[in-house]
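>>> no letters, just coordinates:
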């Protein structure tokens, strides 16, 4: 799983003045909490389905943030307790990073013995450094065990070795505002105010699985090739709905949680007569998922896992004229 950009987190930090003596910031705390929840669920889905997706790659289960390129970065570092610009933004439970004892707001000092401050000095555009650090972590993970040097508070720096595990490629990001969810090919993005953050975990996981499914099924490229007709967009949404229970089952969630999510979310949020025409009604969507759940349960009984790479039937998109 690619590590997601933390520009939204940094923007939220800068939305209000930060006192010289750091005090808890409610907006920042909420953003970090929701970022951690999304990242944990995303990791669970991505690592559990690694055996069935294309492009699975070794991953560590951590996300990084960079406060160095932003106004009042020294105060932000102080508020988060960082000893440098590059920190750990989130750690997924059950991941190699969690097993090694890494926590959010640890400072990342070195990768494979190379000091962050030396290899990755602040440059313009400032967001490029985070991309470069993320790429470096991905690169070393492909070569085997990863050695990281980190600091926490006033404790001496420590060097840890992590053993990466395979995960499907996607980054999971929370934006500092908005209530929508979307997939952009390699990213799954939720606005901070998305209503599903307040749902039970398995229902929110279903929402994440839907957006993740768009990436795994290559819908952006497929729509580019086949044409973005209303019919094709509806088929892409139906296909993502139908893959939800497969992804959930492999991650240890009840596949029927996808139906329950649609039944809870749909009556208020699919728009009724004014709904987006590239989606079917929530009740139609729930019926399509319900039919798929039976196939997932049969696969679990037969094989012990839900191999969607073999048993999931794709929709037939119309071709662009």
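Arrived safely, thanks for sending. What you see is a predicted model, and the numbers here were worked out from it, not measured in a lab.

>>> quick one: buried residues of the host helix or strand of residue 32?
Using DSSP states H and E, residue 32 maps to helix 26-48. Buried residues in helix 26-48, counted by 16 or more other Cβ atoms under 10 Å: 28, 30-32, 34-48. Glycine gets a C-beta too; all of them are placed from N, C-alpha and C.

>>> over to stretch 281-290?
Buried residues in stretch 281-290 (16+ other Cβ under 10 Å): 282, 284, 285, 286, 288, 289.

>>> burial of the nearest residue to residue 99 once chain neighbours are set aside, as a residue count?
Counting by Cβ to Cβ, 6 or more residues apart in numbering, residue 99 lies nearest to residue 162, which is 7.7 Å off, once chain neighbours are set aside. A count of nearby residues for residue 162, using other Cβ atoms under 10 Å, gives 24.

>>> could you pull out the strands for the stretch 151-300 of the chain?
158-162, 165-167, 171-175, 181-183, 187-191 (DSSP state E, counting those that start in this stretch).

>>> can you get me a residue count around residue 63?
Residue 63: 31 neighbours (other Cβ under 10 Å).

>>> same deal with residue 158?
Neighbour tally, residue 158, other Cβ under 10 Å: 15.

>>> for beta bridges, what are the partners of it?
residue 150 (DSSP bridges).

>>> surely it and residue 149 touch.
Yes. Using Cβ atoms under 8 Å, residue 158 is in contact with residue 149, at 7.1 Å.

>>> common neighbours of these two, please.
Common neighbours of residue 158 and residue 149, counting by Cβ atoms under 8 Å, 6 or more residues apart in numbering, are absent.

>>> low pLDDT regions in the stretch 1-150 of the chain?
When residues are selected by pLDDT under 70, those of the stretch 1-150 of the chain lie in 1-25.

>>> tell me the SS of residue 90?
Classification of residue 90 using DSSP: H, G, I helix; E, B strand; the rest coil returns strand.

>>> about what we covered before: so which of the strands of the stretch 151-300 of the chain comes closest to residue 116?
strand 158-162 (13.3 Å; Cβ to Cβ).

>>> identify all contacting residues around that closest one.
The contact list for strand 158-162 (Cβ under 8 Å, 6+ apart) reads 60, 96-97, 99-102, 110, 145-152.

>>> from those, which is closest to residue 218?
Nearest member of the contacts of strand 158-162 to residue 218, counting by Cβ to Cβ, is residue 60, at 24.7 Å.

>>> so that closest one touches residue 139, yeah?
No. Residue 60 is beyond contact range of residue 139, at 11.9 Å (criterion: Cβ under 8 Å).

>>> for these two, indicate the residue with more neighbours.
residue 60 (27 against 12).

>>> re earlier: the buried residues of stretch 281-290 into JSON lines, with extra columns for distance to residue 168?
Below are the buried residues of stretch 281-290 laid out as JSON lines (distance: Cβ to Cβ, whole Å):
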{"residue": "282", "distance to residue 168": "27"}
{"residue": "284", "distance to residue 168": "28"}
{"residue": "285", "distance to residue 168": "23"}
{"residue": "286", "distance to residue 168": "25"}
{"residue": "288", "distance to residue 168": "23"}
{"residue": "289", "distance to residue 168": "20"}
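
>>> circling back to that earlier point, find me the pLDDT at the residue nearest to residue 99, would you?
At residue 162, the model reports a pLDDT of 98.

>>> could you pull out the helices for the stretch 201-321 of the chain?
201-216, 219-226, 230-250, 257-269, 282-303, 308-311 (DSSP state H, counting those that start in this stretch).

>>> residue 209 - how many residues pack around it?
Residue 209, neighbours per other Cβ under 10 Å, totals 32.

>>> before we move on, what about residue 251?
Count around residue 251 with other Cβ under 10 Å applied: 21.

>>> can you tell me which residues contact the closest residue to it other than its chain neighbours?
Excluding its sequence neighbours, the residue lying closest to residue 251 (Cβ to Cβ, 6+ apart) is residue 48, at 4.0 Å. Residues in contact with residue 48 (Cβ under 8 Å, 6+ apart) are 247, 250, 251, 252.

>>> which one of the residues you listed sits closest to residue 267?
Comparing the contacts of residue 48 against residue 267 with Cβ to Cβ places residue 247 closest, at 23.8 Å.

>>> surely that closest one touches residue 209?
Yes. With contact defined as Cβ under 8 Å, residue 247 and residue 209 form a contacting pair (4.3 Å).

>>> what do the two both touch?
What both residue 247 and residue 209 touch, as defined by Cβ under 8 Å, 6+ apart, is the set residue 45.

>>> got the contact list for residue 98?
Residue 98 touches 61, 91, 92, counting by Cβ under 8 Å, 6+ apart.

>>> can you rerun that using 6 Å?
Residue 98 makes contact with residue 91, according to Cβ atoms under 6 Å, 6 or more residues apart in numbering.
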